[in-house]
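Asks: pasting the sequence and the predicted model now:
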Amino acid sequence: MKTYLVTGGAGFIGSNFIHYLFKKYGDDIRVINVDKLTYAGNLENLKDIEDKSNYQFVKADICDSETIQTLFENNDINRVVHFAAESHVDRSIKNPDVFVKTNVLGTLTMLNAAKAAWEKEDGTYPEDHKFLHVSTDEVYGSLEEEGGYFYETTPYDPHSPYSASKASSDFLVKAYMDTYRFPANITNCSNNYGPYQFPEKLIPLMINNALNGKNLPVYGDGKNVRDWLYVEDHCKGIDMVMEKGRLFETYNIGGHNEKQNIEIIHIILDQLRNKLEDSDPRKAAVSEDLITYVTDRKGHDRRYAIAPDKIKAEVGWYPETMFEEGIRKTIDWYFEHEDWMKRVTSGDYQKYYEEMYNR
Ligand code: NAD
Ligand code: TYD
């Protein structure tokens, strides 16, 4: 049986990934989810699977080496999918220290624990054991507006404290692969969107603000480009790299869905207007008048765009959800989960955690 240790499984992509695993493998796997439950971690995202006998949640910091080591000692873990990180660029500009702690030292702790548990006396590793480090395209820096893509061979050139900390963590994983032949892969993915994303990131923030008649803050000229991927396609890519990726390789994941931020905002406004009933008082407020240009983010990367040629050729991955469908599904999800949005923005979800622990 495959036993997964998923770090950061209560966050946006991690919780989608755990859902993806259970949908695909059902009871043929075990999943241990280790999460510190920072502001970005929300156990409510996993409510529907929390009682499964093959699922276990452990509240822990990935920097806590003793707890992580004990988890490896007590469980026959053969797959690690490492999501846990501080993930928001704006927060990294305000407070870089926690990014270095979690993203760099936390990754080192995870690598050391997996290496100690898996390495045989002769320095080799058992078959079918792998550590997959989930990273970002932001490590490659910024592209010109016209032309060019990020390939796996593109030199690293991070600009924000977030991307610098992710780049450092990638280099640590690479060092473990090169030095110890530690069985790992790195994936570098473009911007994700979809259900359960914390509303500090562009898409859920704009949906939430528009529905509440609040300004839509656009950084700079609004023409920065991101390459958007529906979160389920990212989860599929991670699973495929885990199962079919060549050891020690890096794979870029992205679906050629480049959009300017301002385009995204117009699409969201259009779709919200279409969805809201004429009788809904919010409908009149959902308008372009909410768009507010604000001071640009410091060091704001202009354009990200992934060339996914390698993952397509080697593991047969391709994106299934194009942007038009993905954004519709995402907006539908936020419509159907207004309570979720209210709770994560009000802090009520902290109470949910407390109740969970008391159980
Ligand atoms: P997120 O912020 O939604 O979730 C992060 C999770 O990690 C949260 O549940 C949080 O509680 C947990 N966590 C934070 N610090 C921890 C610690 N010290 N110990 C244990 N758990 C901790 O992030 P996300 O958007 O789901 O991103 C997940 C991973 O994917 C990150 O590594 C990120 O760099 C990478 N990534 C994200 C995107 C994106 O568009 N969101 C794109 C590419 C790669
Ligand atoms: P974000 O979702 O923070 O992702 P990242 O910075 O990791 O790509 O931001 C996506 C883009 O949207 C980025 O160019 C910054 C911009 N942005 C705004 O214009 N306004 C906002 O309020 C936010 C959160 C982001």
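Replies: Looks like it came in fine. Ligands and ions are numbered 1, 2, ... in the order given.
Asks: okay, helices next: where are they in the protein?
Replies: Using DSSP state H, the helices of the chain run over 12-25, 65-74, 89-94, 97-99, 106-118, 161-180, 202-211, 231-244, 261-275, 282-285, 309-315, 323-336, 338-346, 349-358.
Asks: got TSV for those helices, with mean neighbour count, distance to ligand 2 and mean pLDDT too?
Replies: C-betas here are computed from N, CA, C, even on glycine. Shown next, in TSV, are these (neighbours: other Cβ atoms under 10 Å; distance: least, Cβ to the nearest ligand atom, whole Å; pLDDT from 0 to 100):
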stretch	mean neighbour count	distance to ligand 2	mean pLDDT
helix 12-25	21	11	98
helix 65-74	15	27	98
helix 89-94	16	4	95
helix 97-99	17	13	98
helix 106-118	21	18	98
helix 161-180	20	7	98
helix 202-211	22	4	96
helix 231-244	21	13	98
helix 261-275	17	4	97
helix 282-285	14	18	92
helix 309-315	16	20	98
helix 323-336	17	13	96
helix 338-346	15	14	90
helix 349-358	12	20	64
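Asks: of those helices, which is nearest ligand 1?
Replies: Closest to ligand 1 of these, according to Cβ to the nearest ligand atom: helix 12-25, at 3.5 Å.
Asks: does any bit of that closest one sit next to ligand 1?
Replies: Yes: interface with ligand 1: helix 12-25 contributes F12, I13, G14 (Cβ under 6 Å from any ligand atom).
Asks: among the helices of the chain, which is nearest L43?
Replies: Among the helices of the chain, the nearest to L43 by Cβ to Cβ is helix 349-358 (5.5 Å).
Asks: and R30, how many neighbours?
Replies: 22 (other Cβ atoms under 10 Å).
Asks: contacts for stretch 65-75?
Replies: 3, 5, 30, 32, 34, 58, 60-62, 77, 109-110, 112-114, 116-117 (Cβ atoms under 8 Å, 6 or more residues apart in numbering).
Asks: now swap in stretch 148-156 and tell me
Replies: For stretch 148-156, the external contacting residues (Cβ under 8 Å, 6+ apart) are 137, 139-141, 143, 167, 170-171, 188, 249-252, 254, 304-307, 309-310.
Asks: let's see which of these end up in strands.
Replies: N188, T250, Y251, N252 (DSSP state E).
Asks: which one of those is nearest V344?
Replies: Scanning the ones in strands among the contacts of stretch 148-156 for proximity to V344, where the rule is Cβ to Cβ, the winner is N188, at 27.2 Å.
Asks: residues touching the closest one, list them.
Replies: Contacts of N188 by Cβ under 8 Å, 6+ apart are 135-137, 139-140, 150, 152, 170, 250-253, 306.
Asks: about what we covered before: JSON lines for the ones in strands among the contacts of stretch 148-156, including pLDDT?
Replies: JSON lines is the format used below for these (pLDDT from 0 to 100):
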{"residue": "N188", "pLDDT": "99"}
{"residue": "T250", "pLDDT": "98"}
{"residue": "Y251", "pLDDT": "99"}
{"residue": "N252", "pLDDT": "98"}
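Asks: quick check, nearest of those residues to N54?
Replies: Y251 (27.5 Å).
Asks: who touches the residue nearest to the closest one when sequence neighbours are not counted in this structure?
Replies: Nearest non-adjacent residue to Y251, counting by Cβ to Cβ, 6 or more residues apart in numbering: I311, 4.4 Å away. Taking Cβ under 8 Å, 6+ apart, we find I311 in contact with G237, M240, V241, Y251, N252, I253, W317.
Asks: swap the cut-off to 6 Å and go again
Replies: Listed by Cβ atoms under 6 Å, 6 or more residues apart in numbering, the contact partners of I311 are Y251, I253, W317.
Asks: which one among the residues you listed gets closest to ligand 1?
Replies: I253 (8.0 Å).
Asks: nearest to ligand 1: which residue in this protein?
Replies: G11 (2.0 Å).
Asks: how near is that residue to G347?
Replies: The spacing between G11 and G347, counted by Cβ to Cβ, to the nearest Å, is 17 Å.
Asks: between the two, which is the more surrounded one?
Replies: Just comparing G11 and G347: by other Cβ under 10 Å the higher neighbour count belongs to G11, 24 against 9.
Asks: mind checking pLDDT for the more buried one?
Replies: On pLDDT, G11 comes in at 98.
Asks: repeat that for D348.
Replies: pLDDT recorded at D348 is 69.
Asks: W333 reaches P195, doesn't it?
Replies: Yes: the pair W333 / P195 is scored as a contact, 4.3 Å apart, by Cβ atoms under 6 Å.
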